[in-house]
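[1] Task: produce atomic coordinates for the following.
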Amino acid sequence: MSHEYERIFAMKDEGKSMSEIADKMGMDRRTVKTILESISTEKEYRPYSLTDASKWEEIKARIIELHKMNKEVFTWKIIEDIKEKFNESIGYYCVSQVRQEAGIVGKQRKYGHFVREPNREKRVDWAVGTRSRKEMFLDVIFADEASVDIENETGHVWVQSDDVYGHVSMKPKHRQRVMIWLGISMMGPTEVKILGPKETLKADDYTRILEDYYLPAAKKLYGKRCRLAHDNAPVHTARHTIERMAEMGIDVMPWPAESPDMMPIENAFAYLKQTLRSHYKPKNKAELVESIRKFKDEFLTREYCQRTIRHIHTAMRQVIRREGHPVRGKKD
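    Purely as a prediction, here's the structure:
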């Protein structure tokens, strides 16, 4: 490699932009870019800004070690560490090349629900037992409550580069919202119950919902020969609720605590909220209520319910593989 090329790579290692390099070398920016991209054709990257090239393997190992020690580590912190430890100056480009070779990629952080340690073992035991029984959930109605509010905006917008405020949208401090109860099964959805935005759901309120919405759905879809699956929310496990469910002849499928990632109705709620933002875009409470009812009729098809419920099998495998920890995404 020519001395001229080495100077270009050295300046890039030091963090200089292509425009700055082009000015110093008397080249146009396109030529500099072509030269820099040619490094990918070499067997292995090494920075040309090092005063002692023999330190490179140690420096590279240190960069990888810093990423393992702290997955939130800032690039500038890595550069400072290398300067202090090895008395060598490297730049952002150098760190990015090491990341690329080591297979270290940046990903958007995702959050899973919190699972306490005692419940992790119970989640695994439930998943293992359910799989061993070859449970297909053919006679189960999965139901829960959810809060739904008016939120019509996605996280990204396209604006003109000179439009300083194009990405700024007005958002009310207190968005209009409602609470809903809904169930899904292999035979399709239940009717949706819409509660007031500040309505407090107590045990007697919940059992009335079961009487007015669950039982009719159980009779229509299964001739009452079905099971109810709901989570372990206090209103679901209250003594009054348990006694009234027994009186009504409701067969409850045991569900592990802290396990929304295996509950298919949660996926239906996420689908509802996504559809409200992208399709219906309600502007007031009346439109929100109407949109929820339309979603149930237009999008919550029997085929969708079946596909979502079948996903439990994937979720159970993930829970077992992750030893009870929450799962996120298809490849988690």
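[2] count of neighbours near Ser147?
    Neighbourhood size, Ser147 [other C-beta atoms under 10 Å]: 12. (Glycine included, C-beta is placed from N, CA and C.)
[3] what sits up against the strand or helix carrying it?
    Taking DSSP states H and E as the criterion, Ser147 maps to strand 140-149. For strand 140-149, contacts defined as C-beta atoms under 8 Å, 6 or more residues apart in numbering pick out 175-186, 190, 195, 201, 214, 217-218, 221-222, 226-231, 233, 253, 263-266, 269, 272-273, 276, 288, 292, 309.
[4] Restricted to strands, list the residues you listed.
    177-185, 195, 227-229 (DSSP state E).
[5] For the residues you listed, which two are the farthest from each other?
    Arg177 and Arg227 (30.5 Å; C-beta to C-beta).
[6] which stretches of the stretch 201-332 of the chain have low pLDDT?
    Flagging of the stretch 201-332 of the chain using pLDDT under 70 yields the residue ranges 329-332.
[7] Which stretches in it count as helices?
    Using DSSP state H, counting those that start in this stretch, the helices of the stretch 201-332 of the chain run over 203-209, 215-222, 234-237, 239-247, 264-275, 285-298, 302-321.
[8] Of these, which is nearest Glu58?
    helix 302-321 (36.0 Å).
[9] What residues sit buried inside the closest one?
    Residues Tyr304, Cys305, Gln306, Thr308, Ile309, Ile312, His313, Ala315, Met316, Gln318, Val319, Ile320 are the ones in helix 302-321 that count as buried (16 or more other C-beta atoms under 10 Å).
[10] right, and the last one touches Asp125 too?
    No - the pair Ile320 and Asp125 fails to qualify as a contact (C-beta atoms under 8 Å) at a distance of 9.7 Å.
[11] Among the ones in strands among the contacts of strand 140-149, name the buried ones.
    By 16+ other C-beta under 10 Å, the ones in strands among the contacts of strand 140-149 give Val178, Met179, Ile180, Trp181, Leu182, Gly183, Ile184, Ser185, Leu195, Arg227, Leu228, Ala229 as buried.
[12] and of the residues you listed, the nearest to Asp23?
    If you rank those by distance to Asp23 using C-beta to C-beta, Val178 comes first, at 60.2 Å.
[13] Test of understanding: give the bridge partners of the closest one.
    Judged by DSSP bridges, the bridge partners of Val178 are Val148.
[14] quick one: it from Phe86, how far?
    60 Å (C-beta to C-beta, to the nearest Å).
[15] go on, Ala146?
    To Phe86, Ala146 is 54 Å away according to C-beta to C-beta.
[16] now swap in Tyr271 and tell me
    52 Å.
[17] Then Trp76?
    From Trp76 across to Phe86, the span is 16 Å (C-beta to C-beta).
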